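Trainee: Let me see the structure of the following:
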Amino acid sequence: MRLLVASVLVLVLFPAPFLVEFLVYASALPTIRVEDHINHQPSAQRAVAFEYSSQYPGIAYSLFMHHASGIAVLALGVLILLDRFSQPRRDAIRFLTGCTWVLFGLFVFVMADPEGWPTGPAGFVDSFSMPTTDEWIQHKLLSLIPMLLGVYSLSTRRLPSTTRWTYLTVGVALLGGFALLLHQHGDHSALDVVNFQHRIFALTGFFVAGAMLMERCGSFTWKSKRFFVPAGIMILGLQLSLYVE
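Mentor: Residues are numbered from 1 along each chain as shown. Down below sits the predicted model:
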């Protein structure tokens, strides 16, 4: 019963920060649209800048995306931790985990680049010729990783867990680590605080991938090894939530 209540709380609390962001965005829309002919920054960027009281809309929107992603990853870490304690209700929690992974991926896919497709003024073809095209492509590819992890979480409810599935999942996690390692902000070409933080994200991603492999490896008999994956994911969530520029 306690696990069920905890799962419901996670489901209820997870969308709350996004709802707050949406309400702030909606409240700022009238002011934003009046000034659209003066300030050509995308409206979504300026709405978030209003919330963060920043004079740099691009930085404010980047902070919003990283912090919102951190909340999502923290929620995923909590769900995976609950899964480790919930043998009788594992299917339900894995379903919630899979749905959260997929929704997180869709959130990044749709919201990561407000100047490009699908939410920005640039269409799909025009997005390949924007000044920020490299970041736009990187974000779209990165968003596929949580979606794949979500499909895996949903499929393991019905399919037996095999070594092949384990290696595929570890491969996806490693791909995410390498993607974060190579991820480059267009306005941060040097190894500054922004790129350094992404290197830390990448190292945490590699830790999660290693923990996934360790959890299925019989050579490691530590009872605590099953908590390494949720711990790593929650650490990554904290890192994203504390991201600065």
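
Trainee: any idea which element the closest residue to residue 93 other than its chain neighbours lies in?
Mentor: The shortest distance from residue 93 to any non-neighbouring residue, by C-beta to C-beta, 6 or more residues apart in numbering, is to residue 83 (4.8 Å). No exception for glycine: its C-beta is placed from N, CA and C like everyone else's. Assessed by DSSP states H and E, residue 83 sits inside helix 57-84.

Trainee: next one: residue 196
Mentor: helix 193-216.

Trainee: swap in residue 175?
Mentor: For residue 175, the host element (DSSP H and E) is helix 163-182.

Trainee: repeat for residue 238
Mentor: Following DSSP H and E, one finds residue 238 within helix 228-241.

Trainee: hmm, who's touching that helix?
Mentor: Helix 228-241 is contacted from outside by 66-67, 69-78, 80-81, 83-84, 197, 200-201, 204-205, 207-208, 211-212, 214-215, using C-beta atoms under 8 Å, 6 or more residues apart in numbering.

Trainee: Show the buried residues in those residues.
Mentor: Buried by 16 or more other C-beta atoms under 10 Å: 66-67, 69-78, 80-81, 83, 197, 201, 204-205, 207-208, 211-212, 214-215, out of these.

Trainee: Does residue 136 belong to a helix, a strand or coil?
Mentor: With DSSP: H, G, I helix; E, B strand; the rest coil as the basis, residue 136 sits in helix.

Trainee: Quick one: residues contacting it.
Mentor: With C-beta under 8 Å, 6+ apart, residue 136 has these contacts: 112, 113, 116, 117, 127, 130.

Trainee: quick one: pLDDT of it?
Mentor: On the pLDDT scale, residue 136 is placed at 89.

Trainee: now for the helix holding residue 175, which elements pack on it?
Mentor: Counting contacts by 3 or more C-beta pairs under 8 Å, 6 or more residues apart in numbering; DSSP states H and E, helix 163-182 is packed against helix 133-155, helix 193-216.

Trainee: Next, the angle helix 133-155 makes with the last one.
Mentor: To tie it back to what came earlier, the one meant is helix 193-216. Between helix 193-216 and helix 133-155, the angle comes out at 20 degrees (axes from the mean of the first three to the mean of the last three C-alpha atoms, to 10 degrees).
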